[in-house]
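Visitor: here are the coordinates; sequence isn't available:
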């Protein structure tokens, strides 16, 4: 069973940047599509971006287009999400997850394993 660990969150001012990392502490990420979702208290988890197993396919929510970039290096078992031009509305706990072999990238119900999350806070 793969276990995921997110890191890289923190507090930044609006317009700043952060790079989140998703690593497999147990098992390997290279066999799975991986997605990033975010959640604020009282709301459902929201799709942000995802990447296919080999990295050629990348999927981005409208709210993140042009600002967030997902990438992966299967040799070192890491998926990154580079976030730029951060806005206060990006404040959330960010989770990475492994998508099941068949399913949509955009629905968190199609993800089987999640990390513990990392907090991102953007101040104005």
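Guide: Noted; the coordinates are in hand. No experiment lies behind these values; they were computed from the predicted model shown.
Visitor: how much space between residue 122 and residue 4?
Guide: 23 Å (CB to CB, to the nearest Å). In this view, the C-beta of every residue, glycine as well, is placed from N, C-alpha and C.
Visitor: which of these two has more neighbours?
Guide: The neighbour comparison of residue 122 against residue 4 (other CB atoms under 10 Å) goes to residue 4, with 23 against 20.
Visitor: Give me the residues contacting the strand or helix carrying that one.
Guide: Under the criterion of DSSP states H and E, residue 4 resides in strand 3-7. For strand 3-7, contacts defined as CB atoms under 8 Å, 6 or more residues apart in numbering pick out 20-27, 29, 94-98, 113-118.
Visitor: so what's the residue nearest to residue 13 when sequence neighbours are not counted scoring on pLDDT?
Guide: In space, and not counting its chain neighbours, residue 13 is closest to residue 123: 5.5 Å by CB to CB, 6 or more residues apart in numbering. The per-residue pLDDT reported for residue 123 equals 98.
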